[in-house]
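Participant: Sequence first, predicted model second:
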Amino acid sequence: MDSKGIIRKRLAQHRDIIEQILADEKLQDTIAQITDTIVTCFKYGGRVYFCGNGVSIRQRAEQLRKKLKYGTVTGI
């Protein structure tokens, strides 16, 4: 598969995930609750620990930590 094909495939996967989230009100509520909890924790000087089991999950946790630390997550 060429680069353009890979990009299109990945974008389609992301679109599918977004559509699933938009169709699932309960999941949206859960995401909102988690977000509110993290934001409240930070507002009061607390800490949030991210962890994972395995390289891929650990890498995602580290990426999220860096985005939160350096302010690259928007809307918070």
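Facilitator: Looks like it arrived, so ask away. Numbers count the residues shown, from 1 in each chain.

Participant: okay, residue 19: pLDDT?
Facilitator: Residue-level confidence at residue 19 comes out at 97, pLDDT.

Participant: how many neighbours does it have?
Facilitator: 10 (other Cβ atoms under 10 Å). C-betas here are computed from N, CA, C, even on glycine.

Participant: repeat for residue 65
Facilitator: By other Cβ under 10 Å, the burial measure for residue 65, its neighbour count, is 13.

Participant: Lowest mean pLDDT among the helices and strands of this protein, which one is it?
Facilitator: Taking mean pLDDT, DSSP states H and E as the measure, the chain has helix 55-69 as its least confident helix or strand, at a mean of 80.

Participant: which strands and helices sit next to whichever strand or helix holds residue 5?
Facilitator: Under DSSP states H and E, the secondary-structure element containing residue 5 is helix 3-23. For helix 3-23, the elements it packs on are helix 25-43, judged by 3 or more Cβ pairs under 8 Å, 6 or more residues apart in numbering; DSSP states H and E.

Participant: mean confidence score for the helix it packs on?
Facilitator: 93.

Participant: what angle do it and helix 55-69 make?
Facilitator: Angle, helix 25-43 to helix 55-69, by axes from the mean of the first three to the mean of the last three Cα atoms, to 10 degrees: 60 degrees.

Participant: How about the secondary structure of residue 49?
Facilitator: Three-state call for residue 49 (DSSP: H, G, I helix; E, B strand; the rest coil): coil.

Participant: And the pLDDT for it?
Facilitator: In this model, residue 49 is scored at 80, pLDDT.

Participant: Just give me the residue right at the centre of this structure.
Facilitator: Centroid-nearest residue in the chain: residue 64, 7.0 Å away (criterion: Cα atoms, centre = their mean).

Participant: isn't it right up against residue 48?
Facilitator: No. Here residue 64 does not reach residue 48: they are 9.3 Å apart, not a contact under Cβ atoms under 8 Å.

Participant: No further queries at this time; thank you.
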